[in-house]
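In: Here is a sequence with its predicted model. Questions after.
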Amino acid sequence: MQAVILAGGKGTRLRPYTTVLPKPLMPIGDMPIMEIVLRQLKLAGFDSVILAVGYMHHLFESFFQDGARYGLDITYSFEDEPLGTAGPLALVLDRLEDNFLVMNGDLLTTLNYRGLFDNHLQSKSAATIALHRRTVKIDFGVVNYDENNHLIGYAEKPSYDYDVSMGVNVLNKKSISEIVKVGKYLDIPDLMIQLKSKGELVTCYREECDWLDIGRVDDYQLAVDLFEKNKSHFIKKK
């Protein structure tokens, strides 16, 4: 099985940390975020990984090299200009397997990658989106009113549940080949909508798991604390 890990961003929301290191190389416990991901992918049965890099790409090459120490075959794809989360796939289209996982390189999660991949294959989908249930709490009283601006009632500090994209997806190479173009900026949500518009099957997959998108300083510290409390929960032994 094959995975493409997106690691070309500059991580501006995590500055000043990311002026020295790209976000996927930020340490969580005793290893970089991306090393945790790579170890998880190996345990899930993946053997081939393409790192789509840009900003400070030499650091990724120096640290991960060819992937031999992780039992993975790691190769690299370089982008000179930002291409979004789907645009980089055009640069490696000839290296992709029929179905492959594509994910952000700055996630801390306990998602069952193999379960996601197998679900994609079984459903024969063009794309499968991994979802996570996120609860948003409102710290105020929410006022409900009708079209005439007449009060209906109050909801005191309500919570709302949403299913959000985890930044982990499985794609079918043939299905995306006519959409991704070399040098064309494209994000994953736009790719999914275009697939749906073409009549392709796009499936959603949700399971109970931990998930943190490490985009801000607060999220990063939370991820560090969560990982250090239960490292074996994220990196399981065979």
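Out: Good, I have the coordinates.
In: Could you report the separation of residue 35 from residue 140?
Out: For residue 35, the distance to residue 140 equals 41 Å [C-beta to C-beta, to the nearest Å]. (Each C-beta comes from the backbone N, C-alpha and C, glycine too.)
In: of the two, who's got more company?
Out: Neighbour count, other C-beta atoms under 10 Å: between residue 35 and residue 140, residue 35 has more, with 20 against 9.
In: My reading is that the more buried one lies in a strand. Confirm?
Out: No: the assignment for residue 35 (DSSP: H, G, I helix; E, B strand; the rest coil) gives helix, which keeps it out of a strand.
In: who touches it in this structure?
Out: Residues near residue 35 by C-beta atoms under 8 Å, 6 or more residues apart in numbering: 64, 70.
In: Could you report the distance from it to residue 125?
Out: Separation of residue 35 from residue 125 (C-beta to C-beta) stands at 30 Å.
In: Can you give me every residue that contacts the closest residue to residue 22 other than its chain neighbours?
Out: Closest residue to residue 22 apart from its sequence neighbours, by C-beta to C-beta, 6 or more residues apart in numbering: residue 56 at 4.6 Å. By C-beta under 8 Å, 6+ apart, the contact set of residue 56 is 21, 22, 25.
In: just checking, which of these belong to strands?
Out: In strands, judged by DSSP state E, none of the contacts of residue 56 are found.
In: By neighbour count, which of these wins?
Out: For these, the largest neighbour count, defined by other C-beta under 10 Å, is 26 neighbours, found at residue 22.
In: What pLDDT does the model give it?
Out: The model reports residue 22 with a pLDDT of 82.
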